[in-house]
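[1] Here is my input; please provide its structure:
(2 chains)
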Amino acid sequence: MAQEYPLDPKWYEIIGEIGSGVSAMVYKAKCLKISAPNSSSIVAIKSIDLDQSRADLESIRLETKTMSLLSHPNILRAHCSFTVGRRLWVVMPFMSSGSLQSIISSNFSSGLPEPCIAVVLKETLKALSYLHDQGHVHRDVKAGNILVGYDGVVKLGDFGVSAPVYDINFDSRLKEIAGTPYWMAPEVIHSHNGYGFKADIWSFGITALELAHGRPPLSHLPPSKSLLFKITKRFRFSDYDNESSDNTRKHNTRKFSKAFKDMVGLCLHQDPTKRPTADKLLKHVFFKNSKSCDFLVKNLLVGLPSVEERFKMSNYNSNNNKMIRVSNSSLGSSSYNSSTTTPTIEEDETGVFEKQRRVSGWNFNFDGFQMEPVYPLGLGQGHPDGSKRVRFRAELVIPNKRVDLDVFSSSSASPSPAFSTPTEEQEAVVRVEEDPYLDPDPDPEGEEGVVDRGSVMCGLVALRGSLDDQRKNVKELISFLGGEQSLGGETKEEQMVDVVERLRGELEQERRKNKELLMELEFLKVIVSGGPQDD
Amino acid sequence: MKGLFKSKPRTPAEIVRLTRDLLVQFDMDTIRESKRDEKMVELSKHIRELKCILYGNSESEPVAEACMQLTQEFFKENTLRLVINCIPKLNLEARKDATQIVANLQRQQVQCRLVASDYLERNIDLMDILMTGYENTDMSLHYGSMLRECIRHQVVAKYVLESEHLKKFFEFIQLPNFDIAADAAATFKELLTRHKSTVAEFLSKNYDWFFAEYNSKLLESSNYITRRQAVKLLGDMLLDRSNAATMTKYVSSRDNLRILMNLLRESSKTIQIEAFHVFKLFAANQNKPADITNILVANKSKLLRLLGELKTDKEDEQFDADKAQVMQEIASLEPKELA
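    Down below sits the predicted model:
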């Protein structure tokens, strides 16, 4: 190694903060030992609080080890890492243009020009191809993890999931689910057999959409909702339609080449085995005449605020958003990511639910260049929608005992081929439940506005009942018709819906308990603080 | 491109032989400078092929028969020594492949025997070479991984434990380079926890010097990570039934108690919780020596307050129960006359 970076904090002078998360910070710093007036004396330092970090030392060890054993021009490799008190400092090359996510939110809010996208994706794909060849899965491919240097060099960063690098807009708590919801492949959410290489390809496809439209599909929903939606697959959605109509038109009028759409379509195939490998994708015609990194310098990086400035801006914005979120939830209404889109979404959701149609999967809409839902053929008419709605409003006693989750044991004997084990299913749902942003209020007919929790619970219980009935009906119908082909995955989904509803109910109860306890605490505080004054 | 149309694929044993021939040439430095790059490419290719046989690739799973042939041929001669010697001469990708091959071979059986174990028993000095990895930044992660795989075999672990190498771990664990220090710590832990009977025997024979070093260098280190890992490992060792004798001895020493009480007072919660798991053994000991009792009595109120405030992040019934028991024990203690 030509340049040894010192393993002592005294040799680094912190210049400014460029990223932050729950247990990690990222700084821009100058290495004082590297005297030559070249750019490599400027570094990025990721500082992880080891005492707070959820990850245990063993996984941090494996992550930094993996990182230091990788060597590829498109992968961000650490110079070195050492501990400073309770913190682990990972010293990395400073990528002066920051992440694509931050470039987009600063200068290209409605997406990048297609030739730029091609360069970025091609470089990213080279990194993925190398990683996969090495037997590693990245698990968190997204624009926030694709970094650009001053010279237009593109590198894939943030290997591992313990803390974010340069990724400033998304709450890192989400990373506990290994990956960030919007970009996660369906099979990752549905089963926990773990990530395959093909899950990275899916995330890569979502990243392509993110670069094209300025944000990932579904991102108008709080992160956990995106997960839930994918799991239940029962709501109609078309992400970019949910924008206010002006924006939508602007998006839709943008033209993308057939090659680009075709490439993304291949990545977003529902069946992981049908998605191409990274190697194969590199040969796709979309990348054939892709430009050089200089092209990015001229077309992407001109007039870009510095990483530090962008970090300050985004911090300011996200603080504002957080405040809005808090005020929303304290009012008892649902908490959405951004205040401006809230009315549209609620309206939309309500309207959508009226249709009561099931979605059997997501298709990539080739012409619209978006993800769109798939409705099962022929079944729509068979659904007893009317009865469901009546049942929904029926009064039911809230069961205060947790209902046994073992609903799968009976049905796992069913011939459904794509069945995962009960524990996996539960795990999947429980993970979702842990999410701090989980919106416990699934109120599908929210047109009345604020609904109290009791009635929501009733609604949930009723919904569960009706789902059970529905499943029975559908099963009967299937056996009556003697056909099972199209429904392999459906029973599984129904189970998921079931469990999700039940867990929501439980969460709701927990929240109420929590609220009561908080009140009690407040009360006690008042008493305690009042005490000495009286004396 | 001439390899493209080869009709017969090579057998695993043939690839092992080709690899070995090249390794010999690199090891002896008998290759002309002009041929060097070419031969290195060839060697890297063979190493990659061996890895694919053992691990499979995206198209195929490994085949047991092929793995067996490979293993047999590999250990028939001194291939492992050649690989270890030549690692510094290989490029990064070949080094990683070779490390994975060595790791995998430790688990391969031929006629129900772990041939690697037999081989290492005869070539135990290879561990001395692997140990030098921790002194060399470029080699540490490769040699470190290999070493950790080799000590899966009891004979090898016993050798490393009883050699002078063990003392070096107290230094390696605290090296400033996190990658190397963490790797050394992982190996150290493996050495002291994997083979129960070997560890128990080692600890009772080497109690005095080992725990003197352990306390002063690790538990009282100024390095947060070192203290955190050391107190965790201490708990793992003492709570293991096979180390009961060592545990009894450890919790009868007032010096040890003092160190643990200091760790219990740390500002880091992670360390506090781990320290509690060792501290509880002092309190729960039914035959506490008088001086231990008296220290606990003298610090009764402080300890009870401290323990009362100590809580795990997630609910942990076992921890809560242990804590209640320890607090009860301490609360009921009366001073004892020193013998």
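[2] show me the contacts for the residue in the stretch 201-350 of chain A that chain B sits nearest to.
    Using C-beta to the nearest C-beta, the closest approach of the stretch 201-350 of chain A to chain B is made by A:Thr277 at 7.2 Å. To be clear about C-beta, it is placed using only N, CA and C from the backbone, and glycine gets the same treatment. For A:Thr277, the contact set (C-beta atoms under 8 Å, 6 or more residues apart in numbering or on different chains) comprises A:Ser129, A:His132, A:Phe197, A:Ile201, B:Ser58.
[3] cutoff 10 Å now
    A:Thr277 makes contacts with A:Leu128, A:Ser129, A:His132, A:Asp133, A:Phe197, A:Lys198, A:Asp200, A:Ile201, B:Ser58, as judged by C-beta atoms under 10 Å, 6 or more residues apart in numbering or on different chains.
[4] Could you save the residues you listed as TSV and add columns showing distance to B:Leu257?
    Shown next, in TSV, are the contacts of A:Thr277 (distance: C-beta to C-beta, whole Å):
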residue	distance to B:Leu257
A:Leu128	54
A:Ser129	57
A:His132	53
A:Asp133	54
A:Phe197	53
A:Lys198	55
A:Asp200	52
A:Ile201	57
B:Ser58	56
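[5] Can you say which of these are buried?
    Among the contacts of A:Thr277, those buried by neighbour count (16 or more other C-beta atoms under 10 Å in any protein chain shown) are A:Leu128, A:Ser129, A:His132, A:Asp133, A:Phe197, A:Lys198, A:Asp200, A:Ile201.
[6] Just the ones of those residues in helices?
    A:Leu128, A:Ser129, A:His132, A:Asp133, A:Phe197, A:Lys198, A:Asp200, A:Ile201 (DSSP state H).
[7] tell me which parts of the stretch 51-200 of chain B are close to chain A?
    Residues of the stretch 51-200 of chain B lying close to chain A by C-beta under 10 Å from any C-beta of the partner chain are B:51, B:55, B:57-58, B:91-93, B:95-97, B:99-100, B:137-138, B:140-142, B:144-145, B:174-183, B:185-186, B:189.
[8] Provide a PyMOL selection command restricted to the buried entries of these.
    The buried subset of those, as determined by 16+ other C-beta under 10 Å, is captured in PyMOL by this line:
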select buried, chain B and resi 51+55+93+95+96+97+99+100+137+140+141+142+144+145+174+175+177+178+179+180+181+182+183+185+186+189
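[9] Of the ones in helices among the buried ones among the contacts of A:Thr277, which fall within the contact range of chain B?
    Near chain B, taking C-beta under 10 Å from any C-beta as the test, the members of those found are A:His132, A:Asp133, A:Phe197.
[10] got the contact list for the last one?
    With contacts taken as C-beta under 10 Å, 6+ apart, A:Phe197 has the following neighbours: A:128-129, A:131-133, A:135-138, A:272, A:275, A:277-278, B:58.
[11] Pull the number of nearby residues for the residue nearest to B:Met139 when sequence neighbours are not counted.
    Using C-beta to C-beta, 6 or more residues apart in numbering or on different chains and skipping the chain neighbours, the partner closest in space to B:Met139 is B:Gly133 (4.5 Å). With neighbours defined by other C-beta atoms under 10 Å in any protein chain shown, the count for B:Gly133 comes to 26.
[12] do the same with B:Glu65
    9.
[13] residue contacts, it?
    By C-beta under 10 Å, 6+ apart, the contact set of B:Glu65 is B:Pro12.
[14] Distance of it relative to B:Met146?
    25 Å (C-beta to C-beta, to the nearest Å).
[15] same check, this time on A:Arg310
    In this view, A:Arg310 and B:Met146 are 44 Å apart by C-beta to C-beta.
[16] Which one of the two is surrounded by more residues?
    B:Met146 (27 against 22).
[17] export the buried ones among the contacts of A:Thr277 to JSON lines and tack on pLDDT?
    Shown next, in JSON lines, are the buried ones among the contacts of A:Thr277 (pLDDT from 0 to 100):
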{"residue": "A:Leu128", "pLDDT": "93"}
{"residue": "A:Ser129", "pLDDT": "93"}
{"residue": "A:His132", "pLDDT": "85"}
{"residue": "A:Asp133", "pLDDT": "83"}
{"residue": "A:Phe197", "pLDDT": "81"}
{"residue": "A:Lys198", "pLDDT": "85"}
{"residue": "A:Asp200", "pLDDT": "88"}
{"residue": "A:Ile201", "pLDDT": "92"}
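[18] Switch the residues you listed over to CSV; also include distance to A:Lys30.
    Conversion of the buried ones among the contacts of A:Thr277 to CSV gives the following (distance: C-beta to C-beta, whole Å):
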residue, distance to A:Lys30
A:Leu128, 32
A:Ser129, 34
A:His132, 35
A:Asp133, 35
A:Phe197, 38
A:Lys198, 41
A:Asp200, 34
A:Ile201, 38
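[19] buried sites along stretch A:45-53?
    Under the neighbour-count criterion of 16+ other C-beta under 10 Å, stretch A:45-53 has A:Ile45, A:Lys46, A:Ser47, A:Ile48, A:Asp49, A:Leu50, A:Asp51, A:Ser53 buried.
[20] between these, which is nearest chain B?
    Nearest member of those to chain B, counting by C-beta to the nearest C-beta, is A:Asp51, at 5.0 Å.
[21] give the contact list for that closest one.
    Contact analysis of A:Asp51 by C-beta under 10 Å, 6+ apart lists A:Ser23, A:Gly85, A:Arg86, A:Arg87, B:Tyr224, B:Arg228, B:Glu266, B:Ser267, B:Ser268, B:Lys269, B:Thr270, B:Ile271.
[22] And the strands in the chain?
    Picking chain A for this. Ranges of strands in chain A, per DSSP state E, are A:12-20, A:24-31, A:42-49, A:80-84, A:87-93, A:98-99, A:146-148, A:154-156, A:361-365, A:370-374.
[23] should've been chain B
    B:109-110, B:113-114.
[24] The first one - which strands sit beside it in the sheet, and in what orientation?
    Looking at strand B:109-110 with DSSP bridges, its paired strands and their directions are strand B:113-114 (antiparallel).
[25] Thank you, goodbye.
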